[in-house]
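below: sequence and its predicted model.
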Amino acid sequence: MENQIDDNIKNQLLFLVINKIDIDETGMKNLIINITSQYKKNHNAEILRLFIILLNEYYINHKNDEISKLCVKYSIKYINIHSYDTNICAIGAQHAELIAKYDITIGLYSMALLNCKEEIRHIYLNNLAGIYFSITQPKQGIITFEEALMTIKQNMTNVNFKDYLCIFSNMFLHILYQEPNKINLYETFMNSEKTFFIPYIKKMYEKIDVRIENYHKNQIKKIGIISNDFHAHPVGYMITTLIKYYNSIYEKHNIELYMLNNSDKIDKVYDYIYSFKSDHVIWKNVDKMEDEQLIKYIYDEHIDVIIDMMGYTNRNRMSILAFFTTLDKSKRPYIYSYFAFPAKSGISDKQIIDKNIYDIILQQNPTKKENDNYIILKHCLQCYHYPIIDIVSEKTTSDLFRMACFNNPNKITSKMIEIWSSILIKIPNSILVLQYKAYQSKMVMQNILDKFITYGIRPDRIRFNYLMLIQLLESYNNIDIALDITPYNGGCITSEALYMNTPVICFHPINDVYNCSVNIDISYQSAVSYTLNKTLGLDELICSKSLEYINKVIELSKNREKLNWYHTNIRRLMKENNILDSEEFMMDLIEKIKN
C-alpha cells in the first residue's frame, strides 16, 4: 500500500516537474503537507528530489522566502543520502543565499564542487566567490574568481561566451568595491578579449543583417533604457525619477521611451514603474531574448539611443553593446551609460560606451581625461525620487552620538573600519549603526565585528539592522550623521540620508586613504557623495585626508547647534538645488540627448 502511495506521489511530482506546471498557493500548501507527512514515514529519496525541484520552480514564479527555507531544509536532508547530486546541492545553495544562510551556502557549493563535471565547475566557483564577498572575505573571493577563470581557460571547448562574461562581470564589479591597488587586475581580464569577445561578436555578424545605411537620418525619436533592476534596487528607485513625468516630456519632445527590462524580478517597485506604461512609454521584457533577438528588436523598432544602466553588473548585455560599437555610428544606435556602473567599460583601447552621463562637478574632476565623451547635466548627476509616500524627518535626541553607514558591507574595506574605529575611540559615547540586507546573516555580522574588535572596539558599540525601505528611511530619525565610504561611495544611499536631513561625511575623489597611485577612473565610483554635497553647498562635509575625516566627525559630535541646522535644512537644500525635481531632471536629460 505504501509503495503504491509513493508511486502515485512520485508520478504526480514527475508530471508537474516535466510539464513545468505552475501551482497556485493553496495547491502548493496541500502538496507540502502531503509530501512532508509521507516522507516522515518512508524517506523516499526520489520523491524528495522531485519535491525540491518543484519547490525551486515554484519559487521562480512566486518569490517566496518560506519556499526558500523549505528548499534548504530538504536539500540538506537529500544530500545526507545522495551527496553526489550536484544539482540539488546547487539548488539548496542558491536558496540558502536568498535567506542569508551563507554558511550553508558555502558548504553546499563546496560539496557540489567535489562531485560536479569539469565543464560546469566554473559556474559553482563563480557563485561561491560572490558569497565570499558577501560575507566580507574579499581575498578568498578573488582567489575563487581567479580559479573560476582558470577553469574556463582549461575547458574552453566546453565553455560559452555567456559563462565567461558572467564570471568576468561578477569579479570585476566586486573588485571595484575593494582597495584601489586591486583594480589593476582589470587589465589582466581585458587581455582575454581575443579569446571570448571577438569570436562571439563574429558569430553574431553571421546571424544579423547589419546592411543599414544612415540609421540616424531623422531626429532622435526613440530612446531605450536597458536594465536588470526595474525593481526594489537603487536603479529601480532612480528609474521612477526618469519615468514619472514622461507624459509632459513626450508632449514637448515627441520622443518615445522604451523600457527594456532584462530581469524576471517582480515586486511593488516593479509594479509602480510598470504602471507608467503607455502608448509612448513602451515596456519590453528582454531577459529571455538571445543577443541576436534583442539586436533585431532594437533595429526593427529603430531605437536611436540605448541608455545602459547595467555595465558589468549581473546578467548584463555588454555583449550586444560591444557588437554595436564594432559598427559605424551611422549604422547603429548611440550607446550612453548612466548611473549603474561606475568604471570603464571598454575592451583594451576600444570603448563600448559612446557617452557617459555626468554633471558639471564631475566634468571638472581633475582625474578626467580631456578626450572623455560625456553629456553634462545642468543639475546634479543624481536626482532622488523619494518613495510613493513622503517620510517625515524629525530627529530624536539621545545621550549617544549616533553614526551610521547603510551601504553594502561588500564596500566596507578594512581601511574604513580602521578609520571608523579611531572615531569610536575618540568619541566614547558614540555608536555606529550598520544597516543592510546582508546583516540578516550572523556570519556577516560576526566578520564585521571581528574587524572592529581588533582595534579595541566593544561589540555593543556596533549595531546592526535589516529594514525595508520605509522603515529604513524612518530610522534616520535616530541617526546624527552618516559616514560615507571610499573607494566605492554610496549612491542612492547617500541621497536617502540627505533626504532625511542627515549630514554625510565623505571623501574627496582624490584622498590619502589608500596611498595608492594606480591609474583608475574615479570620476563616478569615488565621487557620488562628493558631487551631492558639492551641489548642496556642503563643502565642509568633504574631506581629502583620513585625519580630516576623523576630526570632522569629532567636531560635529561636539557642535549640537550645527547638527541641528543640518537636521532641519538639508532636505530644503535638495529642493532648492533641483535634486528632488524629477521632471526638470528628465527634461534636461532628454534635451541633452536630443541635441
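That came through, no problem. It should be emphasised that the depicted structure is a prediction, and the values quoted were computed from it without experimental measurement.

please give me every residue in contact with residue 253.
Applying CB atoms under 8 Å, 6 or more residues apart in numbering, we find residue 253 in contact with 590-591, 594. From N, CA and C alone the C-beta is placed, and that goes for glycine too.

and if you look at residue 426?
Residue 426 is in contact with 550, 554, counting by CB under 8 Å, 6+ apart.

if we can go back for a sec, which of the contacts of residue 253 count as buried?
Buried members of the contacts of residue 253, scored by 16 or more other CB atoms under 10 Å, are residue 590.

among the contacts of residue 253, which lie within strands?
If you go by DSSP state E, the contacts of residue 253 have nothing in strands.

dump the contacts of residue 253 to CSV, plus pLDDT.
Supplementary listing: the contacts of residue 253 in CSV, determined by pLDDT from 0 to 100:
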residue, pLDDT
590, 89
591, 88
594, 84
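
filter the contacts of residue 253 down to the ones in helices?
Cross-referencing the contacts of residue 253 against helices under DSSP state H gives 590-591, 594.

out of the residues you listed, the closest to residue 134 would be?
residue 590 (37.5 Å; CB to CB).

give the contact list for that closest one.
Taking CB under 8 Å, 6+ apart, we find residue 590 in contact with 223, 249, 253, 255.

try 10 Å
Residue 590 sits next to 220, 223, 242, 246, 249-250, 252-253, 255, 257, 305 when contact means CB atoms under 10 Å, 6 or more residues apart in numbering.

would you format these as JSON lines with pLDDT and distance to residue 109 included?
Converted to JSON lines, these look like this (pLDDT from 0 to 100; distance: CB to CB, whole Å):
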{"residue": "220", "pLDDT": "88", "distance to residue 109": "46"}
{"residue": "223", "pLDDT": "94", "distance to residue 109": "41"}
{"residue": "242", "pLDDT": "76", "distance to residue 109": "37"}
{"residue": "246", "pLDDT": "87", "distance to residue 109": "43"}
{"residue": "249", "pLDDT": "87", "distance to residue 109": "46"}
{"residue": "250", "pLDDT": "89", "distance to residue 109": "48"}
{"residue": "252", "pLDDT": "89", "distance to residue 109": "52"}
{"residue": "253", "pLDDT": "89", "distance to residue 109": "49"}
{"residue": "255", "pLDDT": "92", "distance to residue 109": "46"}
{"residue": "257", "pLDDT": "94", "distance to residue 109": "40"}
{"residue": "305", "pLDDT": "93", "distance to residue 109": "40"}
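
and the helices in the stretch 401-550 of the chain?
For the stretch 401-550 of the chain, applying DSSP state H, counting those that start in this stretch gives helices covering 414-426, 442-453, 469-475, 492-499, 528-535, 546-558.

now do the helices in the stretch 51-200 of the chain.
Using DSSP H, counting those that start in this stretch, the helices of the stretch 51-200 of the chain run over residues 65-81, 86-98, 102-115, 121-134, 138-154, 161-176, 185-190, 197-207.

show me what the second one is packed up against.
Under the contact definition 3 or more CB pairs under 10 Å, 6 or more residues apart in numbering; DSSP states H and E, helix 86-98 sits against helix 45-62, helix 65-81, helix 102-115, helix 121-134.

relative to residue 564, which of those is closest?
That would be, of the helices and strands packed on helix 86-98 and by CB to CB, helix 121-134, which comes in at 37.9 Å.

in strands only, show me the contacts of residue 590.
Counting by DSSP E, the part of the contacts of residue 590 found in strands is 223, 257, 305.

give me the buried subset of those.
Counted by 16+ other CB under 10 Å, the ones in strands among the contacts of residue 590 give 223, 257, 305 as buried.

what pairs with the closest residue to the first one other than its chain neighbours across the strands?
Right, the one you point to is residue 223. Excluding the flanking residues, the one nearest residue 223 by CB to CB, 6 or more residues apart in numbering is residue 305, at 4.7 Å. Using DSSP bridges, the bridge partners assigned to residue 305 are residue 223, residue 334.

would you confirm that residue 305 contacts residue 337?
No. The pair residue 305 / residue 337 is not scored as a contact, 11.5 Å apart, by CB atoms under 10 Å.

tell me, how many residues neighbour the nearest residue to residue 257 once chain neighbours are set aside?
Leaving aside its sequence neighbours, residue 257 sits nearest to residue 281 (CB to CB, 6+ apart; 5.0 Å). A total of 17 residues lie near residue 281 under the criterion other CB atoms under 10 Å.

distance to residue 542 added to the ones in helices among the contacts of residue 253, as TSV?
Converted to TSV, those look like this (distance: CB to CB, whole Å):
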residue	distance to residue 542
590	31
591	30
594	34
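
what's the distance between the residue lying closest to residue 582 once chain neighbours are set aside and residue 130?
Spatial nearest neighbour of residue 582, chain neighbours left out: residue 241 (4.6 Å); criterion: CB to CB, 6+ apart. For residue 241, the distance to residue 130 equals 29 Å [CB to CB, to the nearest Å].

for residue 250, same thing?
40 Å.

what about the two, which has more around it?
Under the criterion of other CB under 10 Å, the comparison of residue 250 against residue 130 puts residue 130 first, with 21 against 17.
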